[in-house]
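Enquirer: Provided below are the primary sequence and the corresponding predicted coordinates.
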Amino acid sequence: MTQMTPAQLRADAEEALTPLGRRRIRLLAQLEEIDAELRPLIQRARAVEVPIRRIAELTAVSPNTVRAWTKDAE
């Protein structure tokens with residue numbers, strides 16, 4: 001068994017991280033798009049008094065984010 005140099009070990013670690021890292025980056029971009037669509041819907045729901053807790057249950061958006069997005073609309 002040959003010893004790997006620190007540079008080879010780092011290269012292997014980067015190679016292992018790259019596919020999942022790229023996938024995560026794509027998913028985060030999709031999440032940003034979804035959030036942009038959700039924001040006005042959440043604002044409308046709050047305007048008709050849908051409870052913050054219910055919105056959070058339906059969307060997996062944190063209650064603090066729901067409050068912030070609603071405050072931004074005021």
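Expert: That came in fine, so what should we check first? Numbering: from 1, shown residues only.
Enquirer: show me what the top helix by length along the chain is packed against.
Expert: Once the chain is assigned using DSSP state H, the helix that runs over the most residues is helix 6-47. When contacts are defined as 3 or more Cβ pairs under 8 Å, 6 or more residues apart in numbering; DSSP states H and E, helix 6-47 packs onto helix 52-59, helix 63-73. From N, CA and C alone the C-beta is placed, and that goes for glycine too.
Enquirer: which stretch in those helices has the least confidence?
Expert: Here the lowest mean pLDDT among these goes to helix 63-73, at a mean of 92.
Enquirer: return the set of buried residues in that one.
Expert: Within helix 63-73, the residues scored as buried using 16 or more other Cβ atoms under 10 Å are 65-66, 69-70.
Enquirer: now it against helix 6-47, angle please.
Expert: Using axes from the mean of the first three to the mean of the last three Cα atoms, to 10 degrees, the direction of helix 63-73 lies 60 degrees away from that of helix 6-47.
Enquirer: what sits up against helix 63-73?
Expert: With contact meaning Cβ atoms under 8 Å, 6 or more residues apart in numbering, helix 63-73 is reached by 39, 42-43, 46-47, 52-53, 55-56, 61.
Enquirer: confidence score at Met1?
Expert: Reading off the confidence values, Met1 has pLDDT 62.
Enquirer: coming back round to it: now render the contacts of helix 63-73 as TSV, adding neighbour count and distance to Leu20.
Expert: Converted to TSV, those look like this (neighbours: other Cβ atoms under 10 Å; distance: Cβ to Cβ, whole Å):
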residue	neighbour count	distance to Leu20
Arg39	18	28
Ile42	23	30
Gln43	16	34
Arg46	19	36
Ala47	11	40
Ile52	18	33
Arg53	10	33
Ile55	22	31
Ala56	16	28
Val61	19	25
